[in-house]
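**Student:** Let me see the structure of the following:
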Amino acid sequence: MALRGRRFGVFAVSSVMLATLVSCQGVSPMQSAREAGWQHYGGEGDGTPVALGVIDGTERNVVVTGTIDSVCPKKGCWMRVREGDGELFVRFRDYGFFVPRNAAGHEVVMFGTPSVKIASVEELRHYAEDAGRSPEEIAVITEPERQITFMADSVFIDGTGLEEPHSQ
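**Tutor:** Numbers count the residues shown, from 1 in each chain. You can find the predicted model right below:
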C-alpha cells in the first residue's frame with residue numbers, strides 16, 4: 001500500500017501504525033510526511049522511530065509521531081503531544097521556530113531528542129499560565145512533576161487551515 005500523497009489523518013491511522021507501516025516499507029515517517037505535503041517547521045533531520053510509551057530519556061535523534069493535544073496560545077513555543085497513554089511536552093531547539101497556535105488535534109511527526117526531567121512548581125505554573133488556566137487551577141500546582149520532554153529540531157504537521165506561526 002503506497003502512502004505517497006495520502007493524508008494519514010483521513011484514514012485515522014494511529015501514529016504507531018504509521019511508524020510501523022512506513023518503517024516496513026523502508027521509508028521513514030519524516031520522509032512520508034514530507035512526501036505527503038505536511039507543513040514543515042524547523043530544520044531537517046531523521047532518525048529511528050520510537051513509540052511514546054517506551055521513551056525513557058536515553059534515546060537520541062529519534063522520530064516520534066502522535067497527535068497534538070495543545071499548543072502554547074501565546075506564541076506556539078511549546079506543545080503537548082499524545083500517542084495512546086503517552087504524553088510528551090515538546091519545545092523547539094534554541095527557541096528557533098514555533099508551530100501554529102491552532103494545531104491542536106492535528107497529527108505530528110517530530111525529529112529530536114527526548115529527556116526525562118523533574119519540572120519545578122514554578123515552571124509548571126508558568127506553562128499553566130501560558131495555557132490560559134485560571135488562578136485557581138494554577139494555585140493547586142504545589143508539587144514538582146516528572147515529565148518526558150522532547151527537544152524538537154524538525155516538526156511536520158498534517159492538515160490545512162493552519163495559521164502562520166508566531167514570528168520571532
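
**Student:** Averaged pLDDT, stretch 85-104. What do you get?
**Tutor:** The average of the pLDDT scores along stretch 85-104 is 93.

**Student:** same thing with stretch 112-122?
**Tutor:** 90.

**Student:** Neighbours of residue 71, how many?
**Tutor:** Neighbour count of residue 71, defined by other Cβ atoms under 10 Å: 26. Every residue, glycine included, has its C-beta placed from N, CA and C.

**Student:** One more: residue 102?
**Tutor:** 15.

**Student:** Name all residues that make contact with the closest residue to residue 95 other than its chain neighbours.
**Tutor:** Distances taken as Cβ to Cβ, 6 or more residues apart in numbering place residue 77 nearest to residue 95, at 6.8 Å, with adjacent residues excluded. Listed by Cβ atoms under 8 Å, 6 or more residues apart in numbering, the contact set of residue 77 reads 91, 92, 95, 98, 166.

**Student:** one more time with 10 Å, if that's ok
**Tutor:** By Cβ atoms under 10 Å, 6 or more residues apart in numbering, the contact set of residue 77 is 71, 91, 92, 95, 97, 98, 99, 101, 130, 165, 166, 168.

**Student:** tally of neighbours for the third one?
**Tutor:** Other residues within reach of residue 92 by the criterion other Cβ under 10 Å amount to 25.

**Student:** cool, and the fifth one?
**Tutor:** By the measure other Cβ under 10 Å, the count of residues near residue 97 is 21.

**Student:** Show the pLDDT at the closest residue to it other than its chain neighbours.
**Tutor:** Nearest non-adjacent residue to residue 97, counting by Cβ to Cβ, 6+ apart: residue 42, 4.6 Å away. pLDDT for residue 42: 94.

**Student:** Quick check, residue 42 in contact with residue 108.
**Tutor:** No - Residue 42 is beyond contact range of residue 108, at 11.7 Å (criterion: Cβ atoms under 10 Å).

**Student:** overlap in contacts of the two?
**Tutor:** 99, 152, 155, 156.

**Student:** From those, list just the buried residues.
**Tutor:** 99, 152, 155, 156 (16 or more other Cβ atoms under 10 Å).
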